[in-house]
Structures are given as C-alpha cells and as structure tokens.
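K.L.:
got a predicted model here, sequence first, then my questions.
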Amino acid sequence: MLQHFLKVLKHYLLTGLRERPNVKLIKFISKTSLTACFIALLPGTAQVSADHTSAASIAARIAPIGSICIQGQSCQSAVGVVANDPITVAARSGADIYNAACAGCHNTGAAGAPKLGDVGAWKLRADKGLDSLLATAISGINAMPAWGLCMDCSEPELRDTIQYILNNSK
Ligand code: HEC
C-alpha cells in the first residue's frame with residue numbers, strides 16, 4: 001500500500017506535475033488519503049462498536065455507582081452485576097450500639113442508670129422480659145431517654161443492644 005502510494009506519487013511528481021500539476025495531484029492525494037483514512041479507521045470502529053454492545057460493557061455502563069453489601073453476604077452475589085467499589089455497610093451489633101449510645105450512662109451509672117455488669121440491678125429488670133424492656137427503652141422511663149438517645153437505631157438493633165446488656169450483666 002505505502003510502496004504503491006510512493007511509486008504513484010513519484011510518477012506524478014516526475015511526469016504529471018509538469019502537465020496538469022494542480023488538478024491531478026490534488027485529485028490523487030485526496031483519493032488516496034481518503035482511502036487510507038477509511039482503512040485505518042475500519043478496525044477501530046469495528047472494535048469500538050463491538051465493545052460497546054457487549055453484555056459486559058453495557059452492564060458496566062449501567063451499573064450503579066455504589067452498592068450495599070450486608071455483612072455475611074458476598075458483595076458480588078448481593079448486587080448481581082459488576083460491583084466495582086462496594087460500600088460495605090455492616091449491620092451494627094448490640095456491642096457497637098451500646099458503646100456508641102448507652103455506655104455514657106450505663107457504664108458510669110449516671111442519673112441512676114443501672115450499670116452494665118450489675119447483676120442484681122439487671123436481674124430485677126430482666127425478669128420483666130425483653131419485650132417489656134424494649135418497650136420502656138423505646139418510650140423512655142424516668143431519667144432514661146427514649147431510644148437511649150440512639151435516634152437512628154432500629155427496633156431489632158435496640159433489642160440486640162438490650163440483650164447485649166443482659167448477657168453482660170448476669
Ligand atoms: C442519659 C443516660 C442514659 C442513656 C444514654 C441510656 N440510658 Fe438506659 N437507663 C438510664 C436510666 C437512668 C435508667 C433507669 C431508669 C429507671 O428505671 O428509673 C435506664 C434504664 C434502662 C433500661 C431498663 C428499662 C426498664 O424497663 O427497666 C434499659 C433496657 C436501658 N436503659 C437500655 C438502654 C439502652 C439500650 C441504651 C442505649 C441505646 C440506653 N439505655 C441509654 C439512662 C440512660
């Protein structure tokens with residue numbers, strides 16, 4: 001291709017240029033360069049379109065930016081598609097919530113809070129049953145504020161936290 005191009009170009013330069021320099025040369029150059037461009041682009045376009053319509057490529061483009069994985073589940077199977085940068089949101093344990101929200105009062109006994117590990121104090125309350133303790137923890141009781149001030153806690157999380165307190169106070 002290139003050799004042929006150079007050969008013809010030489011021919012035009014030596015002979016054709018003398019006769020009708022502008023028209024012939026311009027015609028020749030525009031024709032060959034157009035063809036060359038087309039040929040050069042062909043594999044590229046084919047590759048690009050093939051890549052853009054493949055299932056994997058579409059899945060990658062429409063995949064959500066982030067994904068949530070539940071602790072104990074594989075991130076990939078939980079999302080189903082390509083999980084590039086999964087944000088792992090672990091379910092909070094009773095211990096996590098206790099330390100974050102309850103320890104301030106229940107470790108020190110502040111405001112008369114029954115202390116963690118105080119078997120006697122918690123035995124009396126545990127006898128009411130977990131459901132009853134959950135109900136008073138949600139509504140609040142005396143100096144114990146509603147939800148123990150854990151305003152983003154879910155009911156199961158609060159229940160787990162109370163269970164954590166009871167487990168560590170017997
Ligand atoms: C501001 C201090 C404070 C915080 C924070 C706090 N508590 Fe309490 N809690 C108390 C006090 C005081 C009591 C005792 C209330 C009473 O019986 O007079 C109490 C009692 C309880 C009881 C017993 C309720 C009953 O029915 O006898 C439970 C259960 C409890 N708290 C759970 C929690 C949990 C879970 C958290 C954290 C999510 C928490 N508390 C955070 C002060 C607090």
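P.N.:
Ah, there it is.
K.L.:
which secondary structure state does M151 sit in?
P.N.:
Classification of M151 by DSSP: H, G, I helix; E, B strand; the rest coil places it in coil.
K.L.:
how deep is it tucked in, by neighbour count?
P.N.:
Using other Cβ atoms under 10 Å, M151 has 9 other residues around it. (C-beta placed from N, C-alpha, C; glycine too.)
K.L.:
ok, A121 next?
P.N.:
16.
K.L.:
what sits against it?
P.N.:
By Cβ atoms under 8 Å, 6 or more residues apart in numbering, the contact set of A121 is 114-115, 169.
K.L.:
among these, name the buried ones.
P.N.:
Buried members of these, scored by 16 or more other Cβ atoms under 10 Å, are 114, 169.
K.L.:
just checking: which of the contacts of A121 also lie near the ligand?
P.N.:
Among the contacts of A121, proximity to the ligand is found for P114 (Cβ under 6 Å from any ligand atom).
K.L.:
nearest to the ligand, out of the contacts of A121: which one, please.
P.N.:
The nearest member of the contacts of A121 to the ligand, counting by Cβ to the nearest ligand atom, is P114 at 5.8 Å.
K.L.:
I'd guessed the closest one sits against R125; true?
P.N.:
Yes: with contact defined as Cβ atoms under 8 Å, P114 reaches R125; the gap is 6.6 Å.
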